[in-house]
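**Q** what's the 3D shape of this:
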Amino acid sequence: MRKPGERRVRWTETPLRVRYAETDQMGVAYYANYLTWFEVGRTEWIRAVVPYREIEARGLLLPVLEARCRYLAPARYDDALVVRTALTRWGPVRLAFAYEIRRADNAQAIAEGETEHAWVDRTFHPINLKKHSPDLYRLLLAAVSDEADPE
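**A** Sure thing, here's the model as predicted:
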């Protein structure tokens, strides 16, 4: 049971398999691919709330402001992995996602990280989602919290 004021964090799990093209000469998944895998997980997390096409149809974009990845163990060609994704910080202008990449067969941690994003319009000016699209803001809150408004 959650304590009063404690926020619920909903993790999604997205399976993927390391493709040959994602490995380097050492047979290890190239480090930059982990950010792509974070994006795969984030896209699926968002899709579970609202189709990303609908977000873009409203003239909204969600660029990355910062990305961090900590590599814990190598992933190799044909490894079955799971990308775990959760929205961990949110507000009307900025939000952040946390990621865990694990082996599918034994849950060994491969990498962990975070990305921070801002809601912007097509000219890349920051916007307040709560004012621009209050229904979308409510959907986002409903996916992560029992609170009406964490701000």
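**Q** below-threshold pLDDT in this protein: ranges please.
**A** Along the chain, the parts satisfying pLDDT under 70 run over 1-9, 145-151.
**Q** buried residues, the lengthiest helix in the chain. List them.
**A** Longest helix in the chain by number of residues (criterion: DSSP state H): helix 33-49. Buried residues in helix 33-49, counting neighbours by 16 or more other CB atoms under 10 Å, are found at 33, 34, 35, 37, 38, 39, 41, 42, 45, 46, 49. For the C-beta atoms, the positions are set from N, CA and C on the backbone; glycine is no exception.
**Q** and those, which is closest to residue 125?
**A** Residue 125 has its nearest neighbour among those in residue 46, at 21.1 Å by CB to CB.
**Q** now the closest one: closest residue in space that isn't a chain neighbour?
**A** Spatial nearest neighbour of residue 46, excluding adjacent residues (CB to CB, 6 or more residues apart in numbering): residue 52 at 5.5 Å.
**Q** likewise for residue 122?
**A** residue 59 is the one closest to residue 122 (CB to CB, 6+ apart), at 5.4 Å.
**Q** how far away is the residue nearest the centre of the chain from residue 49?
**A** In the chain, the residue lying closest to the centroid (CA atoms, centre = their mean) is residue 42, at 3.0 Å. In this view, residue 42 and residue 49 are 11 Å apart by CB to CB, to the nearest Å.
**Q** ok, residue 84 next?
**A** Distance, residue 84 to residue 49, by CB to CB: 16 Å.
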